[in-house]
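Q: coords please:
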Amino acid sequence: MQLILISGLSGSGKSVALRLLEDNGYYCVDNLPATMLADVVALYQTQGYQYIAISVDTRSAPTLAALPDAMQALKAQNIDVRLIFLEASSEVLVKRFSETRRRHPLSGNGLTVEECIRLEQEMLEHIHELGHRIDTSHLSANALRAWIKVLVDAEADCLTLVFESFGFKHGLPLDADFVFDVRCLPNPYYEVALRPLTGQDEAICRFFESEPSVAEMLTDIRRFLKTWLPRFRQDNRSYVTVAIGCTGGQHRSVYIAEQLAIAFADEQVLLRHRQLAPPK
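A: Have a look, this model is predicted:
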């Protein structure tokens, strides 16, 4: 059985994630108390369900403390348990609640939206380290769906190395374990013919292949990661996210992320480009 747990901040896209999983054949349960996980999973096992997705968040706040032990107990039964934690910046969350005119789930005590977000972040502080974090601050719904689909298809019980390009002008991604700034590299943006292209295009690749500093940057990042990845395995980490940033997230960061994905092809690798449209 594969059990996907969806958690995170209100307004970060949990409903989008759950609907995507339901569309892909998962039996979905929204807002389940963590103390009921074992019983619900056992029930669905007897009914022959192989793929289950359950949302666990602050709507069942009194039971959240039980989530880590519940996950470990299920893993001990050889169940493939994965937690996806969705988050976004406070500014983006405030804007989303304002645009949709929805109440925050924690607003019953007379708190402002900003106060609710801070409280929820504190309540979930011990949860986000249990799984894979995704910062949805500047992600479209389509991009989030694509990322989650790839994530749940990844092999279990294997460290997943995520290379993620982004643009600094859009802000640092909250889900990054390492951030490498490649804005010091030559920028093809200033060549008119190359400006509309991305780091995935052949002309951009040729541009960077002719620049010695780009090769030096790649060598240094590869060396760093090869040195420290074994330590993350020893720490039983399931995911390591390496963010590569340039100004706009279109040329330099995309190229470097693509090359790193190739260099670490012997690992389980996921490749993401925050500022590019997801492939159709």
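
Q: from the chain's centroid, how far away is stretch 72-80?
A: Centroid separation for stretch 72-80 versus its chain: 22 Å, with CA atoms, centre = their mean, to the nearest Å.

Q: pLDDT of that stretch, averaged?
A: Stretch 72-80 carries an average pLDDT of 93.

Q: let me see the ranges of the strands in the stretch 101-250 of the chain.
A: Per DSSP state E, counting those that start in this stretch, the stretch 101-250 of the chain carries strands over the ranges 132-135, 160-167, 178-181, 239-246.

Q: export the ones you listed to a markdown table and tack on distance to residue 153 and mean neighbour count?
A: C-beta coordinates here come from the backbone N, C-alpha and C atoms, glycine included. Listed next are those as a markdown table, based on distance: least, CB to CB, whole Å; neighbours: other CB atoms under 10 Å:
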| stretch | distance to residue 153 | mean neighbour count |
| --- | --- | --- |
| strand 132-135 | 13 | 24 |
| strand 160-167 | 11 | 24 |
| strand 178-181 | 24 | 16 |
| strand 239-246 | 14 | 24 |
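
Q: out of the ones you listed, flag the one nearest residue 202.
A: Evaluated with CB to CB, these place strand 160-167 nearest to residue 202, the distance being 17.5 Å.

Q: that closest one pairs with which strands, and in what direction?
A: Using DSSP bridges, strand 160-167 pairs in its sheet with strand 239-246 (parallel), strand 268-273 (parallel).

Q: pipe those strands into TSV and attach mean pLDDT and distance to residue 14 per row.
A: Formatted as TSV, those follow (pLDDT from 0 to 100; distance: least, CB to CB, whole Å):
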stretch	mean pLDDT	distance to residue 14
strand 239-246	96	18
strand 268-273	95	19
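
Q: quick one: closest of those to residue 133.
A: strand 239-246 (7.4 Å).

Q: what's the first helix or strand after the closest one?
A: Using DSSP states H and E, the helix or strand that follows strand 239-246 towards the C-terminus is helix 252-263.

Q: in terms of secondary structure, what does that next one contact?
A: strand 160-167, helix 202-209, helix 212-234, strand 239-246, strand 268-273 (3 or more CB pairs under 8 Å, 6 or more residues apart in numbering; DSSP states H and E).

Q: how about those in a markdown table, adding distance to residue 18?
A: A markdown table is the format used below for these (distance: least, CB to CB, whole Å):
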| stretch | distance to residue 18 |
| --- | --- |
| strand 160-167 | 21 |
| helix 202-209 | 37 |
| helix 212-234 | 29 |
| strand 239-246 | 20 |
| strand 268-273 | 20 |
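
Q: of all those, which one is nearest residue 99?
A: With distances scored as CB to CB, the stretch of the helices and strands packed on helix 252-263 nearest to residue 99 is strand 160-167 (22.8 Å).

Q: tilt between that closest one and helix 212-234?
A: Strand 160-167 and helix 212-234 are oriented at 140 degrees to each other (axes from the mean of the first three to the mean of the last three CA atoms, to 10 degrees).

Q: how about stretch 106-120: buried residues?
A: Residues 106-107, 113, 116-117, 119-120 are the ones in stretch 106-120 that count as buried (16 or more other CB atoms under 10 Å).

Q: what sits up against it?
A: Contacts of stretch 106-120 with the rest of the structure, by CB atoms under 8 Å, 6 or more residues apart in numbering, involve 9-10, 58, 90, 93-94, 97-98, 104-105.

Q: just put the strands of the stretch 101-250 of the chain in CSV and tack on distance to residue 84.
A: As requested, these are exported to CSV (distance: least, CB to CB, whole Å):
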stretch, distance to residue 84
strand 132-135, 6
strand 160-167, 12
strand 178-181, 20
strand 239-246, 10
